[in-house]
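**Student:** I would like to see how this sequence folds:
(one chain, ligands or ions: 1)
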Amino acid sequence: MGKKILVTGATGYIGSHTVVELQQSGYQVIAVDDLSNSTEKIMDLVSKISGRRPFFEKLDLSDEPAIRAFFAEHSDISGVIHFAAFKAVGESVEFPLKYYRNNLFGLINLLNCMQEHHIGHLVFSSSCTVYGEPDKLPVNEKAPVKKALSPYGNTKQISEEIIEDTCGVSDLKAISLRYFNPIGAHESGLIGELPIGVPNNLVPFITQTAIGKRSKLKVFGQDYNTPDGTCIRDYIHVTDLAKAHVVAVKRMLENQGESRYEIFNLGTGKGYSVLETIKAFEKVSKVKLNYEITERRPGDVPKVWADTTYANLKLGWKAEKGLEEMMASAWKWEKNLASGILEQI
Ligand code: UFG
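**Tutor:** Below is the predicted model:
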């Protein structure tokens, strides 16, 4: 049996894909999630892909007695991948304390327990949101961290600082992975993104519109300083992203890191506009999408894409899947959801 890795937020979108990749790389997974934004059924689907059901426990990391009891039972963990956090930008503006409480208390409790049990390896789920509107493109890891545009973004910045400070005074080694825009679903079509209610993000909104759950996609603004006037993002396939977590864990377990705390951008290095994304979807799905151009969405950065040189070189990892493959997998997942994949479990 391989080393035991704790995955927090394991039934979530990126968490579930990472559990699969860890299992397929020979690790033993201990999965926890508070199930506030997901369902335990995801673990059944994960085991359909990997052939092995990970140990799962419902756990709210901000509940200190509960997390202490959990670690008392599972002290033989070699490393932790920490996804568990709230992530809706708009909701965080409305309920900042909910975000600070969950995202920061959860991390602090986790770090305390890791220290007490001498668990010295952490991969943290961060975001390119820490760069705000970058001065230079593509954005590399040395770009300044800008004032956060939302409490959600601020929790990612503060979390990175908490982790860096902790690495400075303890045995902890950590890697923060700054994601650009994760989209798509597992090639099996068995797991994918499961937005609750109306999706905030572009790709689930596209697929839900195409399947008939939403009547029309709004394209937020066509008057940006970009070739077609719509915003540009670096979309990355969730499986490519998940694989980077496995590489990051291995890097620490094998002592290959260059410092106790490292940061890597995870993107493809290529930016696509909203209209290009829609076109790619229409091409692979053969569905004509109903969309209209509307006002800008407040807080949107006009263009951002990653400089992935550092991650490619140091992690020996590179995103492999292109935009059409991302859209095709997202569409397969949406169609599977519509045919009741979750209800059939
Ligand atoms: N968009 C639309 N219509 C929609 C949804 C989105 O036109 O219905 C546009 C947005 O204006 C933006 C692009 O599609 O130009 C991508 O928007 P997303 O909401 O999918 O992604 P964001 O880049 O806004 O947000 C993502 C993550 C956040 C993270 C942020 C960091 O979802 O968690 O990147 O930049 F904070």
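
**Student:** the residue of the stretch 151-300 of the chain found nearest the ligand and residue 343: what is the separation?
**Tutor:** Distances between the stretch 151-300 of the chain and the ligand by C-beta to the nearest ligand atom are smallest at residue 231, namely 3.0 Å. To be clear about C-beta, it is placed using only N, CA and C from the backbone, and glycine gets the same treatment. Distance of residue 231 to residue 343, computed by C-beta to C-beta, to the nearest Å: 35 Å.

**Student:** so which residues of the chain form helices?
**Tutor:** Assignment of helices within the chain using DSSP state H yields the ranges 13-24, 41-50, 64-73, 89-94, 96-100, 106-116, 151-169, 202-211, 238-253, 274-285, 309-310, 323-338.

**Student:** most packed of those helices?
**Tutor:** For the helices of the chain, ranked by mean neighbour count under the definition mean count of other C-beta atoms under 10 Å, the leader is helix 13-24 at a mean of 26.

**Student:** that helix near the ligand at all?
**Tutor:** No: in terms of C-beta under 6 Å from any ligand atom, no part of helix 13-24 sits within range of the ligand; the closest distance is 10.4 Å.

**Student:** kindly report the residues of the stretch 1-150 of the chain close to the ligand.
**Tutor:** Counting by C-beta under 6 Å from any ligand atom, the stretch 1-150 of the chain sits next to the ligand at 87, 89, 127, 128, 129.

**Student:** quick revisit: is it true that the residue of the stretch 151-300 of the chain closest to the ligand touches residue 299?
**Tutor:** No: under the criterion of C-beta atoms under 8 Å, residue 231 makes no contact with residue 299, lying 11.2 Å away.

**Student:** tell me which of the two has more neighbours.
**Tutor:** For residue 231 versus residue 299, neighbours defined as other C-beta atoms under 10 Å are more numerous around residue 231 (25 against 12).

**Student:** what's in contact with stretch 9-16?
**Tutor:** Here stretch 9-16 makes contact (C-beta atoms under 8 Å, 6 or more residues apart in numbering) with 7-8, 18-19, 29, 31-33, 35, 37-40, 42-43, 45-46, 54, 56, 81-85, 125, 179, 182, 191-194, 238, 241-242.

**Student:** contacting residues for residue 134?
**Tutor:** Taking C-beta under 8 Å, 6+ apart as the criterion, residue 134 is in contact with 143, 146, 301, 304.

**Student:** need the max-distance pair from the residues you listed.
**Tutor:** Using C-beta to C-beta, these reach their maximum pairwise distance at 143 and 301, which is 12.6 Å.

**Student:** and stretch 305-314, which residues are buried?
**Tutor:** The neighbour-count check on stretch 305-314 (16 or more other C-beta atoms under 10 Å) flags 305, 306, 307, 308, 310, 311 as buried.

**Student:** next, give me the two most distant ones among these.
**Tutor:** Across these, the longest distance by C-beta to C-beta is 14.4 Å; it joins 305 and 310.

**Student:** output stretch 2-17 in CSV, but only the C-alpha positions, please.
**Tutor:** Backbone C-alpha positions of stretch 2-17 (Å, rounded to 0.1, in the frame of the first residue of the first chain) are rendered in CSV as follows:
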residue,chain,number,x,y,z
GLY,A,2,1.2,3.5,-0.9
LYS,A,3,1.5,6.4,1.6
LYS,A,4,-1.6,7.9,3.1
ILE,A,5,-2.7,11.2,1.8
LEU,A,6,-5.5,13.2,3.5
VAL,A,7,-7.6,15.1,1.0
THR,A,8,-9.9,17.8,2.4
GLY,A,9,-12.8,18.9,0.3
ALA,A,10,-12.5,15.5,-1.4
THR,A,11,-16.1,15.4,-2.8
GLY,A,12,-15.7,18.8,-4.5
TYR,A,13,-14.9,19.4,-8.1
ILE,A,14,-11.1,19.5,-8.0
GLY,A,15,-10.9,17.3,-4.9
SER,A,16,-12.7,14.4,-6.5
HIS,A,17,-10.5,14.5,-9.6
